[in-house]
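Asker: Any chance you can model this:
(chains A and B)
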Amino acid sequence: GAVVSQHPSWVICKSGTSVKIECRSLDFQATTMFWYRQFPKQSLMLMATSNEGSKATYEQGVEKDKFLINHASLTLSTLTVTSAHPEDSSFYICSARGPADYEQYFGPGTRLTVT
Amino acid sequence: GQNIDQPTEMTATEGAIVQINCTYQTSGFNGLFWYQQHAGEAPTFLSYNVLDGLEEKGRFSSFLSRSKGYSYLLLKELQMKDSASYLCAVIENDYKLSFGAGTTVTVRA
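Answerer: Numbering: from 1, shown residues only, chains lettered A, B, ... in the order given. Below you'll find the predicted structure:
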């Protein structure tokens, strides 16, 4: 149980275009999901907390107009990188909070490359 | 806020034991996690400590001292497949995870 999927697993896009990444909890409902970004040889950095039915909470330094988050259902959160630039190239990982508040289940990640 | 420190790299031989230390300073504490991450993959859960003491799970054990803001992950009987990055993460009162920079463990034959 407690499986989280992400789609796509990797994507290449041109500079200036937008990319949408989906995060799904497959066998449980997740009122809260988290979006992380990881640059090569660095740790995971929390970008935002996504709450079902309400606006996402962004961490300091993360542009909410550039990284649009929608959590329209208890099993799906989406992250849209708008007007992507090469510096947005990174590994994006989502996690979903489980029944116990401290539990987080990670998706397999999405590798974004902006050319 | 939080400050989580762990060594950058460690190297050990197959069959040996390695201990990865993690120190933290947080404004609130709801537990400490250890994750394993292979290159290009998402982290996988290894352990969760919220009370002081040692938690043992097969070849992996994790220890926590809340008063000292200190934890370690002990990897025994090292195997080549254990070569990975090991992430220490603290969950605070708002249930957000804060990660350390990770320790890259290289296991040599």
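
Asker: For residue B:48, name its beta-bridge partners.
Answerer: Beta-bridge pairing for residue B:48 (DSSP bridges): residue B:33.

Asker: Specify the beta-bridge partners of residue 97.
Answerer: Since you didn't name a chain, this refers to chain A. residue A:104.

Asker: not quite, I wanted chain B
Answerer: residue B:91.

Asker: Quick check, it in contact with residue B:90.
Answerer: Yes - the criterion here is Cβ atoms under 8 Å, and residue B:97 meets it with residue B:90 at 7.4 Å. Any C-beta I mention is one placed from the backbone N, CA and C, and that applies to glycine too.

Asker: Pull up the overlap in contacts between those two.
Answerer: residue B:33 (Cβ atoms under 8 Å, 6 or more residues apart in numbering or on different chains).

Asker: For residue 27, grab the count of nearby residues.
Answerer: No chain in the question, so chain A it is. Counted with other Cβ atoms under 10 Å in any protein chain shown, the neighbours of residue A:27 add up to 10.

Asker: try chain B instead
Answerer: That count, for residue B:27 with other Cβ under 10 Å as the rule, works out to 9.

Asker: Also residue B:97?
Answerer: For residue B:97, the neighbour count with other Cβ under 10 Å is 24.

Asker: repeat for residue A:115
Answerer: Neighbour number of residue A:115 under other Cβ under 10 Å is 10.

Asker: isn't it right up against residue A:86?
Answerer: Yes - Residue A:115 lies in contact with residue A:86 (Cβ under 8 Å); the separation is 7.1 Å.

Asker: Let me know whether the helix or strand residue B:25 falls within sits next to chain A.
Answerer: When elements are assigned from DSSP states H and E, residue B:25 belongs to strand B:18-26. No - shown here: strand B:18-26 not in contact with chain A (Cβ under 8 Å from any Cβ of the partner chain), separated by at least 12.0 Å.

Asker: what comes up buried for that strand?
Answerer: By 16 or more other Cβ atoms under 10 Å in any protein chain shown, the buried positions in strand B:18-26 come out as B:18, B:20, B:22, B:23, B:24, B:26.

Asker: What distance do you get for the fourth one to chain A?
Answerer: Counting by Cβ to the nearest Cβ, to the nearest Å, the gap from residue B:23 to chain A is 15 Å.

Asker: picking up where we left off before, joint contacts of residue A:115 and residue A:86?
Answerer: With Cβ under 8 Å, 6+ apart as the test, residue A:115 and residue A:86 both reach residue A:15.
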